[in-house]
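Participant: Sequence plus predicted model, see below.
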Amino acid sequence: MISVITICYNERDSIRGTIESVLGQTYHDFEYIIKDGGSSDDTVSIARSYEKAFVEKGIKFRLITARDKGIYDGMNAGVAEACGEWINFMNAGDEFFSNDVLEKVFKNRDWSGTDLIYGDMAEEEFGELHYFRKCPELIEERMPFSHQSVFVRREELIRHPFDLKYPIGADYNFLLTLNDEKKKFSDSGVLVGRVSKTGTSSVRLKDTFIESIHIRRTHGIPQPTDDELKRKMWWIDLKQFGMDHFPGWLKYVIRKVQRTVRGQKKV
């Protein structure tokens, strides 16, 4: 069985899309857990209104609401309540790409010997969808795939809960930990979901960069010298200024050039 977990906090405008993408799955051997961080808007009542629809489809539904220390603390709490062999995090604002995602990943497929399954993800920005740059071979340099595209064995998340000292990159730290242990990662070849390019790691470039350096150092991965880091920080500060102050049309043009250089294809 699979456990799909959604973490949310004051997400009244986005929670419906996420829930409905889960509810619409044609593969029903899963449970759905919503972990709310103590929302003050009507996120909880919206989530609760879907319980009957899940039950009618024979899907176990649980809504947990309690204050937490942020998204990764909420994810750890969701894992503690989960019963599935495989865990997927499809958090508020994210959606499965199609109704047959779980069926494509799990029906008549043997994942014995695999510790983590990953797939493709569509990033939405400026009204367009492009594939996330999936590159497991570069895991020591950057996030190898979107965490929303991942199905990981629950036992690994129990042994290695997300480290809360990394508020942005705890998922990257987790992946590096499994990589250090030579766990087997397998590509499902499935376009799993769609995410918006407005997440913290996409917006807070400097904080994300600094934290990723700390994470890689913790795993014994050689990092740039202090002088090299200063030069990189200058470039990141420039990019952050552009994100904060450039007009939308200019940011779109810059992003289009970046995607062309990187070879990111449209979905």
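Facilitator: Nice, I can see it. Residues are numbered from 1 along each chain as shown.

Participant: In contact with residue 46, which residues?
Facilitator: 12, 15, 16, 19 (CB atoms under 8 Å, 6 or more residues apart in numbering). Every residue, glycine included, has its C-beta placed from N, CA and C.

Participant: for these, which one is nearest residue 91?
Facilitator: Compare each of the contacts of residue 46 with residue 91 using CB to CB and the shortest gap goes to residue 15, at 9.8 Å.

Participant: and the closest one, what does it touch?
Facilitator: Contacts for residue 15 (CB under 8 Å, 6+ apart) come out as 6, 8, 43, 46, 47, 92.

Participant: could you redo the last one with a cut-off of 10 Å?
Facilitator: When contacts are counted by CB atoms under 10 Å, 6 or more residues apart in numbering, residue 15 touches 6, 8, 34, 36, 39, 41-44, 46-47, 50, 91-93.

Participant: give the contact list for residue 127.
Facilitator: Going by CB under 10 Å, 6+ apart, residue 127 touches residue 252.

Participant: Which parts of this protein are helices?
Facilitator: 15-23, 43-48, 51-56, 71-81, 101-106, 154-159, 170-180, 200-203, 205-218, 226-245, 248-262 (DSSP state H).

Participant: could I get those helices as JSON lines with distance to residue 62 and mean pLDDT?
Facilitator: Formatted as JSON lines, the helices of the chain follow (distance: least, CB to CB, whole Å; pLDDT from 0 to 100):
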{"stretch": "helix 15-23", "distance to residue 62": "13", "mean pLDDT": "97"}
{"stretch": "helix 43-48", "distance to residue 62": "10", "mean pLDDT": "97"}
{"stretch": "helix 51-56", "distance to residue 62": "9", "mean pLDDT": "96"}
{"stretch": "helix 71-81", "distance to residue 62": "7", "mean pLDDT": "97"}
{"stretch": "helix 101-106", "distance to residue 62": "18", "mean pLDDT": "98"}
{"stretch": "helix 154-159", "distance to residue 62": "15", "mean pLDDT": "98"}
{"stretch": "helix 170-180", "distance to residue 62": "22", "mean pLDDT": "97"}
{"stretch": "helix 200-203", "distance to residue 62": "26", "mean pLDDT": "50"}
{"stretch": "helix 205-218", "distance to residue 62": "31", "mean pLDDT": "90"}
{"stretch": "helix 226-245", "distance to residue 62": "38", "mean pLDDT": "79"}
{"stretch": "helix 248-262", "distance to residue 62": "39", "mean pLDDT": "78"}
